[in-house]
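Engineer: My questions are about this predicted structure, shown below with the sequence.
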Amino acid sequence: MTTTTAALDVQALRKQYPSLSNKVEGKSLVYLDSACTALKPKVVADRLHDFYTNWGGCGGKRSTHLLSQQVEAWFQEARVETARFLNAEKADEIVFTGSTTDGINLVARAFPFSNERNEVIVTDVEHNSVVLPFKQAEAEGRIKLRFCPITDAGPDLNALASIISKKTALIAMTRSSNVLGGSFSVHPVSQLARAHGAKLLLDDAQYLSSHREDVQASNADFVAFSSHKLGGPFGVGVLYGKEHLLNGLGHYRVGGGTVKDYEVGDTQDDVTPIYLDAPMRFEAGVQNFAGAAAFGDALKFLQTLDPDAVRSHVSDLVGYAIRKLQAFDEIEILGDPKTLKEGSLVSFYPKHKEFSAKDFNLYLNHELKDKFIAIRIGDHCAHILHKRMKIKETLRLSFFAYNTKEEIDVFGAALESYIHEACR
Ligand SMILES: Cc1ncc(COP(=O)(O)O)c(C=O)c1O
């Protein structure tokens, strides 16, 4: 497949996502939950089908027959495609993981914390996949975890400046909150990190569906994200890291494919592994070869869309949804509409005591005549943020390039009728 950019034709794009035209319980799907996972384009489903039907071999330089060579070539092509997608300097800066969660666990487990530098700063909005690996490192006595409050534009820089010190090893933060939406500016944080000799880990799980990351421009040391949120398969993730930093990490998972050799001495127990360099030293065991190949296709597919057209379309959808939601006194939108438009989602919570998020979700699924609307309700794996905001749960509409204003109209009409029945 060649990579060309073209203006966004949403109707043509929708045809590439078979599940958009599927019926759920006999009704048309209105999918407003792409922040949970993006629907998969046909090209990805076809690739997985082809892989398992016609190939199915094992890459990883284990077997050397032609089948295996082809599978390994696809795996490495996907790495090169990912490096291009992020504008990484080298393909070797791309480690295939299982998910964003897996990549962050890798950093939390393998980062060379020292007695002098053993503090990690996260923000209050972070997903559990960012907080918990470092909470675990703290429980094991390896680090001290600090929490930075946030503003609508991102980490509170005054607070961050007062927390950061020469003891800070790492700042780990999302570029786009899965609850508050918007997108956070990285430069002031990366400057503060640099000034204190700390490293910066970005959680781009929610950012890349409608933004492009340029790791050289953002000067991030590590970036983690998941294939499934971009239309690729589940079970594939990426950890980008600057080459020297990846090679300076300790171990995470080790096993087949991570060692170059062993030194075997004269005594029975004198056995020392010699590990490969990154990325191989982190990719232990048989890899998700089919998933990585299909992920490479998902990235190529995404890059056939003009990134500015995608951003502007998604931003319009967010703005349109905000205007719809603002018409209801029974709910409150989270965040500042101006900054929300920099993201791909909008969340709100009920103000009226008769508005039940759970009932509303059932209503969207079962009570509408010919539509099935998928949104997400709950704490979105961001318990700390919800506790800080003193809000039990939020309702989230999230968008991908394939969504339309008509779908938001359908949601708006459903919200209106639910509020009419439940609250008035
Ligand atoms: C902001 C953010 N970070 C991290 C994750 C974790 O992603 P995954 O479950 O694919 O590892 C999510 C998932 O929803 C997310 O929204």
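Structural biologist: On my side now, so go ahead. Numbers count the residues shown, from 1 in each chain.
Engineer: mind listing what Pro149 touches?
Structural biologist: Contacts for Pro149 (CB atoms under 8 Å, 6 or more residues apart in numbering) come out as 123-124, 155-156, 159, 388. (Each C-beta comes from the backbone N, C-alpha and C, glycine too.)
Engineer: Return the closest of the residues you listed with respect to the ligand.
Structural biologist: Closest approach between the contacts of Pro149 and the ligand, by CB to the nearest ligand atom: Thr123, at 11.1 Å.
Engineer: Could I get the phi/psi values of that closest one?
Structural biologist: phi -100, psi 170 (degrees, to the nearest 10).
Engineer: Tell me the confidence at the most far-flung residue of the chain relative to its centre?
Structural biologist: Outermost residue of the chain with respect to the C-alpha centroid, by CA atoms, centre = their mean, is Asp266; its distance is 48.6 Å. Confidence at Asp266, expressed as pLDDT, is 97.
Engineer: Also the one 3 residues further on?
Structural biologist: pLDDT, the model's per-residue confidence, is 98 for Asp269.
Engineer: can you give me the strands in the stretch 301-424 of the chain?
Structural biologist: For the stretch 301-424 of the chain, applying DSSP state E, counting those that start in this stretch gives strands covering 331-333, 345-350, 371-374, 376-378, 394-398.
Engineer: Turn the ones you listed into CSV, including distance to Tyr252, mean neighbour count and mean pLDDT.
Structural biologist: Putting the strands of the stretch 301-424 of the chain into CSV (distance: least, CB to CB, whole Å; neighbours: other CB atoms under 10 Å; pLDDT from 0 to 100) gives the following:
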stretch, distance to Tyr252, mean neighbour count, mean pLDDT
strand 331-333, 40, 17, 97
strand 345-350, 31, 25, 97
strand 371-374, 34, 19, 97
strand 376-378, 30, 18, 95
strand 394-398, 30, 26, 97
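Engineer: in what helix or strand does Ser68 lie?
Structural biologist: In this structure, Ser68 sits in helix 66-86 according to DSSP states H and E.
Engineer: averaged over its residues, what pLDDT does the helix or strand following that helix have?
Structural biologist: Downstream of helix 66-86, the first helix or strand assigned by DSSP H and E is strand 94-97. Strand 94-97 carries an average pLDDT of 98.
Engineer: neighbours around Lys387, how many?
Structural biologist: A total of 12 residues lie near Lys387 under the criterion other CB atoms under 10 Å.
Engineer: what's it in contact with, if anything?
Structural biologist: By CB under 8 Å, 6+ apart, the contact set of Lys387 is empty.
Engineer: For it, give me the pLDDT.
Structural biologist: On pLDDT, Lys387 comes in at 92.
Engineer: Quick check: chain neighbours aside, which residue is closest to Arg62?
Structural biologist: Nearest non-adjacent residue to Arg62, counting by CB to CB, 6 or more residues apart in numbering: Ser68, 6.9 Å away.
Engineer: Now do the same for Asp152: its pLDDT.
Structural biologist: Here the pLDDT value assigned to Asp152 is 82.
Engineer: which phi and psi does the residue lying closest to it once chain neighbours are set aside have?
Structural biologist: Closest residue to Asp152 apart from its sequence neighbours, by CB to CB, 6+ apart: Asp336 at 4.2 Å. Asp336 adopts backbone torsions of phi -90, psi 120, taken as degrees, to the nearest 10.
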